[in-house]
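**Q** Here is a sequence together with a model predicted from it:
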Amino acid sequence: MTIRMRRLALTAAAALGAAVFAVPASASASTTSDPATWPCDPSEFCIYHDVQGGGSHLSLADGVYDLGGVAGGLNDHVFSVKNISGDNWCLYKDAGYENRLLLIPDGAAMDLDAGIAGQVSSVEDC
């Protein structure tokens with residue numbers, strides 16, 4: 001085999017190897033989960049420690065005056081929410097429903113912006 005033929009064979013083998021390991025963008029797995037699968041009791045408002053409805057969570061029928069007083073490490077750590085309560089809910093920066101950060105409409109399920117997620121200390125229907 002000549003040097004030129006060897007080079008062609010190596011080039012073809014490299015191209016074939018690259019084709020085998022290349023994954024088209026459309027075939028990649030989605031990084032988002034279906035909010036319908038996020039754990040949340042029917043007709044309640046849910047807050048989650050992690051994005052995409054992950055980590056510890058609370059299913060709420062009533063507001064929480066101070067998230068620092070409940071289990072789950074959710075005070076200043078609410079990274080996603082799901083509202084299937086039938087009412088709008090508000091997130092507050094401070095305990096005691098002070099300094100509203102965001103209103104979550106009924107039917108919404110979303111990840112929160114990190115700036116908001118790191119500040120939520122109380123929640124209530126509003």
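**A** Noted; the coordinates are in hand.

**Q** ok, A95 - contacts?
**A** For A95, the contacting residues are Y65, D66, L67, G68, S121, S122, by CB atoms under 8 Å, 6 or more residues apart in numbering. The way it works is simple: take the backbone N, C-alpha and C, and place the C-beta from them, glycine included.

**Q** ok, the residue lying closest to D76 once chain neighbours are set aside to D87 distance?
**A** Here the nearest residue to D76 in space, its sequence neighbours aside, is G118; by CB to CB, 6 or more residues apart in numbering that works out to 5.5 Å. The gap separating G118 from D87 is 25 Å, by CB to CB, to the nearest Å.

**Q** try A117
**A** According to CB to CB, A117 stands 22 Å off from D87.

**Q** Could you save the contacts of A95 as TSV and add columns showing neighbour count and distance to C46?
**A** What follows is the contacts of A95, written out as TSV (neighbours: other CB atoms under 10 Å; distance: CB to CB, whole Å):
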residue	neighbour count	distance to C46
Y65	16	18
D66	13	18
L67	22	13
G68	13	19
S121	24	17
S122	24	15
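
**Q** For G55, state which of the residues you listed is nearest.
**A** Within the set of the contacts of A95, L67 lies nearest G55; the separation is 13.8 Å, counting by CB to CB.
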